[in-house]
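In: got a predicted structure here, sequence first:
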Amino acid sequence: MRKLTLAFTLFLALISTQKLFAQESGNTTPATSRAQNIFIELGGQGLTFTANYDSRFSNKRDGIGGRAGIGYFSVDGDKVTTVPLSLNYLLGKGGKYFELGLGATFIATGGDAEVLFNKNESNVIGTMSFFYRVQPEDSGFAFRIGLSPVFSRDFFLPYYGGLSLGYTF
């Protein structure tokens, strides 16, 4: 768990310290900044209910990016904590994109919780994302919906879905 916490902290530190530079030119077109999102997700790569941060790695609204999140769920003493980390690629323009992603989700359970065939065990599973994303060109409300297949060496669940609501800045 310490290694995962350290990796998550380093990932967030790396993203938050990146600086954006725009070249000076003769035209008056403003430089675009990379899209950054905060959102809550039900289902999806975090499996339960998660809070997430997503960012592009370049000064474009599409292209490659990454996300990190954390989720927690508890019912009758059964506790589940999830930490999704993934890379994704956005195809599209004009604020409407198709998202393709691949990542991993760390699952920690407590009590008698049984999550994806593992009882009382921490686990890492693979995740994919095939989402439709609406994200404004400047800033504002963002929305995602789609399929997030999950897998490990023991199972493959192709029709797991997710819904996200958030804000792009």
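Out: Yep, it's here. Remember, predicted model here, so these are calculated numbers, not experimental data.
In: all strands for this structure, in order.
Out: Counting by DSSP state E, one finds strands in the chain at the ranges 36-43, 49-56, 63-75, 78-93, 96-110, 114-115, 118-119, 123-134, 140-147, 150-151, 156-157, 161-168.
In: of the ones you listed, which stretch is the most buried?
Out: Comparing the strands of the chain by mean neighbour count (mean count of other Cβ atoms under 10 Å), strand 49-56 ranks first with a mean of 20. From N, CA and C alone the C-beta is placed, and that goes for glycine too.
In: and that strand, what does it pack against?
Out: With contacts defined as 3 or more Cβ pairs under 8 Å, 6 or more residues apart in numbering; DSSP states H and E, strand 49-56 has these neighbours: helix 2-17, strand 36-43, strand 63-75, strand 78-93.
In: which one is Arg61 nearest to, not counting chain neighbours?
Out: Leaving out its chain neighbours, the residue that sits closest to Arg61 by Cβ to Cβ, 6 or more residues apart in numbering is Ala35, at 4.9 Å.
In: my bad, Ile145
Out: Using Cβ to Cβ, 6+ apart, the closest residue to Ile145 is Leu163 (5.2 Å).
In: show me what contacts that neighbour?
Out: Each residue near Leu163 by Cβ atoms under 8 Å, 6 or more residues apart in numbering is listed here: 41-44, 144-145.
In: do you know how far the residue nearest to Arg61 is from Glu41?
Out: Separation of Ala35 from Glu41 (Cβ to Cβ, to the nearest Å) stands at 17 Å.
In: in this structure, which residue is most central in space?
Out: Centroid check for the chain by Cα atoms, centre = their mean gives Arg67 as the closest residue, at 3.8 Å.
In: so that residue is in contact with Leu85, correct?
Out: Yes - the criterion here is Cβ atoms under 8 Å, and Arg67 meets it with Leu85 at 7.3 Å.
In: sorry, back to before: mean pLDDT lowest for which of the strands of the chain?
Out: Of all the strands of the chain, the minimum mean pLDDT falls on strand 118-119 (a mean of 58).
In: which residues touch the nearest residue to Arg34 once chain neighbours are set aside?
Out: Nearest non-adjacent residue to Arg34, counting by Cβ to Cβ, 6+ apart: Arg56, 4.3 Å away. The contact partners of Arg56, taken as Cβ under 8 Å, 6+ apart, are 34-36, 62-65, 90.
In: what do you get if the cut-off is 7 Å, keeping everything else the same?
Out: Residues in contact with Arg56 (Cβ atoms under 7 Å, 6 or more residues apart in numbering) are 34-35, 63, 65.
In: measure it to Phe106 for me?
Out: According to Cβ to Cβ, Arg56 stands 24 Å off from Phe106.
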